[in-house]
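Colleague: sequence-free structure coming up:
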């Protein structure tokens with residue numbers, strides 16, 4: 001009788017141990033099936049940009065604007081005039097990512113050029129939005145432009161007080177002699193069509209103070225999400241000085257670049273900075289409206 005009771009007690013102990021092991025094994029199995037990293041590593045993809053397509057660049061600039069900036073309307077031959085209006089599309093392999101167009105008009109007084117470039121930025125990093133990637137591209141362009149540091153309070157138009165470098169660049173702009181520019185039959189920057197761009201300032205009208213304070217390369221406000229304007233006056237030896245005005249702005253994930261150049265034929269003639277800047281900024285505003293910015 002005592003031996004039988006001993007066996008029964010041993011069996012009970014073994015059964016209890018077996019139940020405990022089975023219970024622990026089940027709990028461990030549940031933990032193994034869980035992925036502890038799932039809850040902490042879930043990444044929400046960055047938002048795509050506002051724009052999925054780009055406008056047709058050669059059709060984005062109206063005839064009135066081309067007349068004002070390049071004087072195309074003054075070309076006597078109808079076929080040449082129509083061809084000038086059409087412009088020349090830049091070579092591109094993806095019209096949804098990057099497009100551009102340029103125009104060139106030669107006259108007796110000057111050679112005028114205009115180019116417009118649209119770039120739609122797409123981020124291939126899920127943690128970086130298209131807008132952020134476009135903002136980086138814009139910042140790189142602005143850095144490369146090497147705009148002068150503002151040294152004083154800004155004017156109402158968002159133009160900071162000029163540095164010595166910008167003053168020297170704009171000091172050569174004629175401001176008191178309206179006869180220093182070519183006639184209306186040549187360069188539109190010196191023609192009666194100046195008011196068509198909305199600048200409202202004929203050649204030579206800006207005062208020296210206005211030229212120095214308002215015409216330096218600078219950041220622009222009220223255009224897209226961010227913008228800047230650059231104005232460079234160059235010289236090729238004994239030839240007339242060429243002025244290049246560049247406006248770059250970003251609207252969401254699209255970066256737009258406008259380059260407006262004028263090369264007078266007469267030595268000693270300087271293209272008017274204010275008129276060229278006004279026209280380039282007017283065009284930038286039109287393109288921003290076209291994008292719906």
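Modeller: Right, received. Where do you want to start? Everything numeric in this text was worked out from a predicted model, so none of it was measured.
Colleague: For whichever strand or helix holds residue 99, name the packing helices and strands.
Modeller: Assigning secondary structure by DSSP states H and E places residue 99 in strand 98-106. Contact partners of strand 98-106 among helices and strands, from 3 or more CB pairs under 8 Å, 6 or more residues apart in numbering; DSSP states H and E: helix 63-70, strand 88-89, strand 110-120. To be clear about C-beta, it is placed using only N, CA and C from the backbone, and glycine gets the same treatment.
Colleague: mind running it again at 6 Å?
Modeller: Contact analysis of strand 98-106 by 3 or more CB pairs under 6 Å, 6 or more residues apart in numbering; DSSP states H and E lists strand 110-120 as its packing neighbours.
Colleague: neighbouring strands for the strand it packs on, and are they parallel or not?
Modeller: Using DSSP bridges, the strands paired with strand 110-120 in its sheet are strand 98-106 (antiparallel), strand 254-264 (antiparallel).
Colleague: Name the residues of the strand holding residue 99 that come out as buried.
Modeller: 98-103, 105 (16 or more other CB atoms under 10 Å).
Colleague: Same list (those) but as TSV, adding distance to residue 243.
Modeller: Formatted as TSV, the entries for the buried residues of strand 98-106 read as follows, by distance: CB to CB, whole Å:
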residue	distance to residue 243
98	26
99	26
100	21
101	21
102	17
103	17
105	15
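Colleague: For residue 74, state which of the residues you listed is nearest.
Modeller: Each of those was scored against residue 74 by CB to CB, and residue 105 proved nearest at 8.7 Å.
Colleague: What are the boundaries of the helices in the stretch 101-250 of the chain?
Modeller: In the stretch 101-250 of the chain, the segments counted as helices under DSSP state H, counting those that start in this stretch are 130-145, 164-170, 208-214.
Colleague: and these, which one's lowest on average pLDDT?
Modeller: Comparing mean pLDDT across these, the weakest is helix 164-170, with a mean of 38.
Colleague: picking up where we left off before, in CSV, list the strands paired with strand 110-120 along with mean pLDDT and distance to residue 271.
Modeller: Converted to CSV, the strands paired with strand 110-120 look like this (pLDDT from 0 to 100; distance: least, CB to CB, whole Å):
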stretch, mean pLDDT, distance to residue 271
strand 98-106, 97, 14
strand 254-264, 97, 4
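Colleague: give me the low-pLDDT residue ranges for the stretch 101-250 of the chain?
Modeller: Under the criterion of pLDDT under 70, the regions of the stretch 101-250 of the chain flagged as low confidence span 151-213, 235-239.
Colleague: let's see it at 80
Modeller: Confidence mapping of the stretch 101-250 of the chain against pLDDT under 80 gives the ranges 150-214, 235-240.
Colleague: Against residue 144, how distant is residue 59?
Modeller: Computed as CB to CB, to the nearest Å, the residue 59 to residue 144 distance reads 29 Å.
Colleague: wait, residue 287
Modeller: Residue 287 is 21 Å from residue 144, where distance means CB to CB.
Colleague: which one of those two has more residues nearby?
Modeller: A direct count of neighbours by other CB atoms under 10 Å for residue 287 and residue 144 places residue 287 higher, at 25 against 10.
Colleague: Just read off the phi/psi values of that one.
Modeller: In terms of degrees, to the nearest 10, the main-chain angles of residue 287 are phi -70, psi -40.
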